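[1] sequence first, then the predicted structure:
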Amino acid sequence: TDLQPGENSLVVTVTAADGETQLVYTVILNVLLSSDNSLKTFTVNGVEVVDGESVELDPYTSSVEVVVEASDANATVEVDGGDGLEAGENALTVTVTAANGDVAVYNVTLVVLLSGVIDLSVFTVNGVDVLGLTSNSIDLAPYTTEVEVEVVTVDENATFEITGGTDLQPGENSLTVVVTAPNGDTYEYGVTLVVALGNNTELASFQVDGEDVSDGDVVDLAPYTTEVEVEVETVDPDATVQVEGDSDLVAGLNDLVVTVTAVNGDVRSYVVGLNVVLSDDVSAEVTVADQVVSDGDVVELEYGTDSVVVDVVTVDPEATFVVEGDSGLQVGENTLVVTVTAADGETVATYTVILVVAASSDVSLSVFQVNGSDVQDGDSVDLEPGTSEVDVLVETSDLEATFVVEGDSGLQSGENSLVVTVTAADGETTQVYTVILNVALNDDVSLSEFMVSGVAVEDGDVVDLEPGTSEVEVVAEATDPDATVVIEGGTDLQPGENSLVVTVTAADGETVATYTVILVVAASSDVSLS
C-alpha cells in the first residue's frame, strides 16, 4: 500500500514453525511515472482559452492575467509571454512537462488592437480655434501667403498631415488636416482661408529694352530684331501680367500688348507699337549633320547615310531659304545647295556643300552569344565537365560585314579559345573577338554503390560481424568513372571495433571525400573443449 511513483519494495518475511528460522522475500514494485501533460485550467484575463486560439485585447494593453493548472499535480507548468505586450500579435506560450518528462506546448496569440482615436485636442490657425468655428472659414488680410497652424492629437500615437497652409492666393484657399489613428483609420478636418482681393491694375514700371514707355507709344527697332526685353511691375504685387508680342517679331509694325488683371478680376491693357525695319540681309548659319558649314565646305558622312538633317538659321527671320540635295545620298560625293532669299525678295545667296558618304568600316557585333548567353570580347565562360562543343550565335551590326567562327567544337578540359573574326564591308577593317571557354574538371566524389558483405552501407554506419571474422567483402564504386577509390581496413579484422575507410578523389584531383564504416567483430562465446 501507499505506493509512490518509481521503485517501491514489497517485503514478505516467513518465520518457520520453530519460531527462529526466517527467510525474507523481496519484490520491487515499479510504479510508472504519469505521461499526462494536459491542462485542467487555462484562462487569460478570466476567459478560458485553448491551444492555437487568438485573444483580442484593448489598445495599449501591456500585460494579461494568465491562470494555468495542469491536470496532473506532479506535472510542471512554465508560462512565457504574458507581459511586455506591444501593439499587434504577441505570443503566449505555456509549456507543460509531465511527470515522466513528456512535454506539451500550448500557444495563444495575444492581439493588442491599435487605437482608432482620430480626435484633435488643439486645432488653431493664427491663434483662432478652428474647432470652435461656426462658419468653418477664416478671413485673412490681402496678400497673406501663409498662416501658422497648430495641431495636437488626443492620441499621442496618432499622426497628422497639414495641406494648404502656405502659398495662399487671393480668395478661398482650403486648409486640411488629415489625422491617421494608429489602426489606420483617418479623418479629415478642413477650414477655408479667405484672402481678401484687390482691384489695382496700374503699372509702377513699364520698359522695353531698358527704356521707359507708356500706353500708345511706338518704339523703332533695328533690322532683324526678333524679340525685345519687356520689364513690367504692377502697383499691386498680387495682380497678374500677361505679355504678348515681345517675340517672333516681323518686319514692319508689331503690337506689344501688356494685360494687367487685378486680383478681383478687373482688366486693363497697355499697347506699345514695335516697328522693325525691312532688311536685304541674306546671311545665314547653315548646319549639316550637327556641323556648322560654309559655302564650299566638304562634310564627311558615315557609310550608309542616305540623308542628312540641314538646319538653316537666317540672320533676318523674314528671309527664306530652299534646301536641295539633302536626301537620296550615294556612296562618294553628293552636292547640297542652300539658296537664301532676303526679306526684300530680290537679294539671293547660294551655299554649296559637298557631302562625301564613306564606305562602311563597322566591325561591331549586334549579337554575340555562347549557349544562349550574351558574351563580349575577353569574357570567360565556364562549362560543365565533358563539354565538347558550344552553340555560338553571331550577328554583325552591319549586315554587309562578314565573320568566321573558330574554336566552338573539339573542346578539351581546361581553357579553350573561341575566336570570331569580323571583316567590315570596306574589306579592310577587321576585328577579332576572343572568349575563353573553360571546361571544368568533374568534382563529383559521391558513391553509386557502397556495400559490405553484400549489405548496403553509408558513411558512419556500424556493421556487426560474427566472432572470428577476419575480413569482409567491400564493394565501393564512384558515381564518376574518372574518380579514384581507395579502400583501407577491410582485412585483418580484430575482435571489437575496426575502421573501414573508403577515400574518393574526384577527377579534378583536388576534391576528396572519406566514407567511414565501423566493423564490430563480436567476441566469441564459445566455451566448448576441443
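    Here it is on my side, so go on. Residues are numbered from 1 along each chain as shown.

[2] quick one: average confidence on stretch 486-499?
    Mean per-residue pLDDT for stretch 486-499: 94.

[3] any buried residues in that stretch, and which?
    For stretch 486-499, burial by neighbour count (16 or more other Cβ atoms under 10 Å) applies to 489-490, 493, 498. In this view, the C-beta of every residue, glycine as well, is placed from N, C-alpha and C.

[4] and what of stretch 260-273?
    260-263, 270, 272.

[5] circling back to that earlier point, for the buried residues of stretch 486-499, give me CSV that also has distance to residue 237 and secondary structure.
    Output for the buried residues of stretch 486-499, formatted as CSV (distance: Cβ to Cβ, whole Å; DSSP: H, G, I helix; E, B strand; the rest coil):
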residue, distance to residue 237, secondary structure
489, 101, coil
490, 103, coil
493, 108, coil
498, 103, strand
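
[6] give me the sheet partners of the strand or helix carrying residue 109 and which way each runs.
    Residue 109 is part of strand 103-112 when elements are defined by DSSP states H and E. If you go by DSSP bridges, strand 103-112 pairs up with strand 54-57 (parallel), strand 88-97 (antiparallel).

[7] of all the ones you listed, which one comes closest to residue 42?
    strand 88-97 (6.7 Å; Cβ to Cβ).

[8] pull the residues that contact that closest one.
    Residues from elsewhere that reach strand 88-97 (Cβ atoms under 8 Å, 6 or more residues apart in numbering): 37-39, 42, 44, 54, 64, 66, 68, 70, 75-82, 103-112, 114.

[9] just the buried residues of those.
    37, 39, 42, 44, 64, 66, 68, 70, 75, 81-82, 104, 106, 108-110, 112, 114.

[10] show me where the stretch 101-250 of the chain has strands.
    103-112, 120-125, 128-129, 137-140, 149-153, 159-163, 171-180, 186-195, 203-208, 211-212, 218-221, 230-234, 240-244 (DSSP state E, counting those that start in this stretch).

[11] quick one: the second one to chain centroid distance?
    Read that as strand 120-125. Relative to its chain's centre, strand 120-125 lies at 40 Å (Cα atoms, centre = their mean, to the nearest Å).

[12] just the buried residues of it, please?
    In strand 120-125, counting by 16+ other Cβ under 10 Å, buried: 120, 123-125.

[13] now the two most distant members of those residues.
    Going by Cβ to Cβ, the pair spanning those furthest: 120 and 125, at 12.6 Å.

[14] surely residue 159 touches residue 179?
    Yes: using Cβ atoms under 8 Å, residue 159 makes contact with residue 179 at a distance of 7.5 Å.

[15] bridging residues for the residue nearest to residue 414 when sequence neighbours are not counted?
    Distances taken as Cβ to Cβ, 6 or more residues apart in numbering place residue 439 nearest to residue 414, at 6.4 Å, with adjacent residues excluded. Beta-bridge partners recorded for residue 439 (DSSP bridges): residue 383, residue 414.

[16] residue 439 against residue 390, yeah?
    No: contact between residue 439 and residue 390 fails when scored by Cβ under 8 Å: they sit 9.7 Å apart.

[17] so what sits against both of the two?
    With Cβ under 8 Å, 6+ apart, residue 439 and residue 390 have common neighbours 383, 411.

[18] circling back: out of the strands paired with strand 103-112, which is the most enclosed?
    Counting by mean count of other Cβ atoms under 10 Å, strand 88-97 has the highest mean neighbour count of those, with a mean of 16.

[19] that older thread, ok, so of the buried residues of strand 120-125, who is nearest residue 371?
    Of the buried residues of strand 120-125, the one sitting nearest to residue 371 (Cβ to Cβ) turns out to be residue 120, at 66.2 Å.

[20] now do the contacts for that closest one.
    131, 151-154, 160, 177, 179, 189.

[21] make JSON lines out of those and add neighbour count and pLDDT.
    Below are those laid out as JSON lines (neighbours: other Cβ atoms under 10 Å; pLDDT from 0 to 100):
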{"residue": "131", "neighbour count": "12", "pLDDT": "90"}
{"residue": "151", "neighbour count": "17", "pLDDT": "95"}
{"residue": "152", "neighbour count": "11", "pLDDT": "95"}
{"residue": "153", "neighbour count": "20", "pLDDT": "94"}
{"residue": "154", "neighbour count": "14", "pLDDT": "92"}
{"residue": "160", "neighbour count": "17", "pLDDT": "95"}
{"residue": "177", "neighbour count": "22", "pLDDT": "95"}
{"residue": "179", "neighbour count": "22", "pLDDT": "95"}
{"residue": "189", "neighbour count": "19", "pLDDT": "94"}
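
[22] could you dump the residues you listed to a markdown table with distance to residue 428?
    Converted to a markdown table, those look like this (distance: Cβ to Cβ, whole Å):
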| residue | distance to residue 428 |
| --- | --- |
| 131 | 86 |
| 151 | 77 |
| 152 | 81 |
| 153 | 79 |
| 154 | 84 |
| 160 | 74 |
| 177 | 75 |
| 179 | 76 |
| 189 | 78 |
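
[23] just give the closest residue to residue 404, not the sequence neighbours.
    Nearest to residue 404 is residue 421, by Cβ to Cβ, 6+ apart, at 4.9 Å.

[24] which elements pack onto whatever helix or strand that neighbour lives in?
    Element membership of residue 421 [criterion: DSSP H and E] is strand 414-423. On a contact count with 3 or more Cβ pairs under 8 Å, 6 or more residues apart in numbering; DSSP states H and E, strand 414-423 meets strand 365-370, strand 392-396, strand 402-406, strand 430-439.

[25] which stretches of the stretch 401-530 of the chain form helices?
    Using DSSP state H, counting those that start in this stretch, no helices are found in the stretch 401-530 of the chain.

[26] quickly note the distance from the closest residue in space to residue 255 that isn't next to it in sequence to residue 519.
    Spatial nearest neighbour of residue 255, chain neighbours left out: residue 245 (5.2 Å); criterion: Cβ to Cβ, 6+ apart. For residue 245, the distance to residue 519 (Cβ to Cβ, to the nearest Å) stands at 108 Å.

[27] ok, the two, which is more surrounded?
    residue 519 (25 against 18; other Cβ atoms under 10 Å).

[28] now do the same contact list for that one.
    452, 463, 465, 469, 472, 489-490, 493, 497-500.

[29] ok, the residue nearest to residue 414 - contacts?
    383-387, 411-414, 416.

[30] swap in 7 Å and give it another go.
    Residue 439 makes contacts with 383, 385, 387, 411-414, 416, as judged by Cβ atoms under 7 Å, 6 or more residues apart in numbering.

[31] wait, residue 486 sits on residue 500?
    No: using Cβ atoms under 7 Å, residue 486 is not in contact with residue 500, being 11.8 Å away.

[32] surely residue 262 and residue 202 touch.
    No: applying Cβ under 7 Å as the test, residue 262 and residue 202 come out as separate, 9.4 Å apart.

[33] what's the burial count for residue 522?
    13.

[34] got the phi/psi numbers for the nearest residue to it once chain neighbours are set aside?
    Nearest non-adjacent residue to residue 522, counting by Cβ to Cβ, 6+ apart: residue 467, 4.8 Å away. Phi and psi for residue 467, reported as degrees, to the nearest 10, are phi -60, psi 140.

[35] so what's residue 467 up against?
    Taking Cβ under 7 Å, 6+ apart as the test, what residue 467 contacts is 521-524.

[36] PyMOL command for the buried members of those residues?
    Of the contacts of residue 467, the buried ones go into a single PyMOL selection, burial set by 16+ other Cβ under 10 Å:
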select buried, resi 521
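
[37] filter the contacts of residue 467 down to the ones in strands?
    Applying DSSP state E to the contacts of residue 467, the entries found in strands are residue 521.

[38] tell me where the model's unsure across the stretch 151-300 of the chain.
    Within the stretch 151-300 of the chain, no stretch has pLDDT under 70.

[39] perfect, I'm done here.
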